[in-house]
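Q: Mind folding the following:
(one chain, ligands or ions: 1)
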Amino acid sequence: MVELVLEWQDVRYIYPDAKGAALAGMSLRIPRGMKTAVLGHNGAGKSTLFLHAVGILRPQGGRVLHGGMALDYGRKGLKELRRAVGLVLQDPEQQLILNTPREDVAFGLRSAGIDEETIRQRTERALERLGLLELADRPIHHLSLGQKKRTALAGVFATQPEVILLDEPASYLDPVSERLLLHSIDEIHRTGVTVVMATHDMDTAYSWADWIVVLDRGTCRMEGPPDQVFANKELMEQLGLEIPVIVDLWESLPAALREGRPVPRSTEQFKVYLANNFV
Ligand SMILES: Nc1ncnc2c1ncn2[C@@H]1O[C@H](COP(=O)(O)OP(=O)(O)OP(=O)(O)O)[C@@H](O)[C@H]1O
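A: Numbering: from 1, shown residues only. Model prediction:
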């Protein structure tokens with residue numbers, strides 16, 4: 001197992017006035033440097049998990065670790081944690097504050113007490129990396145949802161965190177905007193940032209992630225590489241989670257054609273396999 005950047009150990013949390021626990025003994029690990037997908041139905045605990053990672057919520061039982069150390073909820077500890085762990089909310093309207101992408105990204109850095117020249121450089125770099133330079137001075141309320149989501153991501157990326165948590169980033173996006181956003185997320189990952197994404201899309205999770213955690217009613221039911229997780233048909237069925245189309249198609253091939261070969265991770269890999277074996 002590689003180094004862990006975040007870990008939840010038997011974390012319990014009940015919201016005030018809620019009937020059941022949102023986290024009911026949640027234990028899971030996020031490997032440093034990887035792309036992790038967090039899966040689970042509505043209400044499984046994905047957002048609550050993320051709010052614990054940035055110290056907005058505190059465990060009522062168990063503990064959360066960052067870099068192997070239990071979180072320090074003192075003022076200094078929380079400041080350091082929020083510099084290291086960035087959260088991109090599902091709804092960009094809740095995250096964007098100023099009038100244009102350039103102003104908004106710079107604002108996040110200004111509140112971190114960084115000098116103006118560094119703010120300017122980091123803002124431009126983040127806007128460029130997210131493909132937003134041409135839109136940098138456009139009023140945010142004129143941007144599409146996908147552009148707003150990329151602006152929110154740029155604001156978090158500019159603060160140079162170790163980890164970025166994305167809460168269902170692709171929700172309500174059309175396929176083209178979703179592809180653009182995923183491309184931006186990969187660009188960010190390539191700079192060395194650990195990326196964790198909550199998603200309901202099993203196909204994206206399978207093709208995109210290096211590591212998958214499966215949540216159910218406030219607990220983690222499975223964690224591991226995508227092929228191992230989706231090979232557990234029984235659990236997927238029990239939780240009502242779909243098997244990715246690529247895995248399903250692969251398994252429809254006769255066993256002799258699959259023997260000893262890894263399941264393709266993408267349609268491109270599948271096409272290469274078909275071209276090499278059947279054309
Ligand atoms: N502010 C709140 N007050 C009371 N209960 C809450 C609150 N926020 C979440 N919950 C409950 O906690 C549980 C976990 O919710 P959470 O939002 O973490 O799940 P989720 O997996 O992110 O769901 P979704 O996919 O719908 O975003 C659910 O039962 C939910 O109803």
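Q: which SS class is the residue nearest the centre of the chain?
A: Centre of the chain computed as the mean C-alpha position; nearest residue by C-alpha atoms, centre = their mean is Met197, 1.6 Å away. The assignment at Met197 comes out as strand when based on DSSP: H, G, I helix; E, B strand; the rest coil.
Q: Find the nearest non-adjacent residue to it, please.
A: Counting by C-beta to C-beta, 6 or more residues apart in numbering, Leu166 is the residue found nearest to Met197 once chain neighbours are left out, at 4.6 Å. Bear in mind the C-beta positions are built from the backbone N, C-alpha and C, glycine included.
Q: which SSE is that neighbour in?
A: For Leu166, the enclosing helix or strand under DSSP states H and E is strand 163-167.
Q: packing partners for that strand?
A: Contact here means 3 or more C-beta pairs under 8 Å, 6 or more residues apart in numbering; DSSP states H and E; on that basis strand 163-167 packs against helix 46-53, strand 85-88, helix 145-158, strand 194-198.
Q: which residues touch the residue nearest to Gly240 when sequence neighbours are not counted?
A: Closest residue to Gly240 in three dimensions, ignoring its sequence neighbours and counting by C-beta to C-beta, 6+ apart: His41, at 6.8 Å. If you count contacts by C-beta atoms under 8 Å, 6 or more residues apart in numbering, His41 has them with 200, 216, 239-241.
Q: Show the buried residues in these.
A: 200, 216, 239, 241 (16 or more other C-beta atoms under 10 Å).
Q: Just flag the most distant two among the residues you listed.
A: The largest distance within these, taken as C-beta to C-beta, falls between His200 and Asp216 and amounts to 13.5 Å.
Q: separation between the closest residue to Phe270 other than its chain neighbours and Pro226?
A: Beyond its immediate neighbours in the sequence, the residue positioned closest to Phe270 (C-beta to C-beta, 6+ apart) is Pro264, lying 4.1 Å away. Taken as C-beta to C-beta, to the nearest Å, the spacing of Pro264 relative to Pro226 amounts to 11 Å.
Q: mind listing the helices for the chain?
A: Applying DSSP state H to the chain gives helices spanning 46-53, 75-84, 101-110, 116-129, 145-158, 175-190, 202-208, 226-231, 233-239, 245-252, 255-258, 267-278.
Q: send the alpha carbons of the shortest one over as CSV?
A: The C-alpha atoms that make up helix 255-258 are tabulated as CSV, following Å, rounded to 0.1, in the frame of the first residue of the first chain:
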residue,chain,number,x,y,z
ALA,A,255,-13.8,-17.1,-21.2
ALA,A,256,-11.1,-18.5,-23.6
LEU,A,257,-10.8,-15.0,-25.2
ARG,A,258,-10.4,-13.3,-21.9
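Q: what does the average pLDDT come to for stretch 141-157?
A: Computed over stretch 141-157, the mean pLDDT rounds to 95.
Q: now do stretch 65-84
A: Computed over stretch 65-84, the mean pLDDT rounds to 95.
Q: Now the terminal residues of that stretch, how far apart.
A: For stretch 65-84, the first and last residues are 13 Å from each other (C-alpha to C-alpha, to the nearest Å).
Q: how far away is Leu23 from Ala170?
A: Taking C-beta to C-beta as the criterion, Leu23 is separated from Ala170 by 24 Å.
Q: More neighbours: those two, which one.
A: Neighbours were tallied for Leu23 and for Ala170 using other C-beta atoms under 10 Å; the higher tally belongs to Leu23 (28 against 22).
Q: check contacts around that one.
A: If a contact means C-beta under 8 Å, 6+ apart, then Leu23 has 8, 11-13, 45, 48-49, 52, 59, 218-219 as its contacts.
Q: Identify, from the residues you listed, the entry nearest to Val85.
A: Where the contacts of Leu23 are concerned, and distances follow C-beta to C-beta, Val85 has its nearest neighbour in His52, at 10.4 Å.
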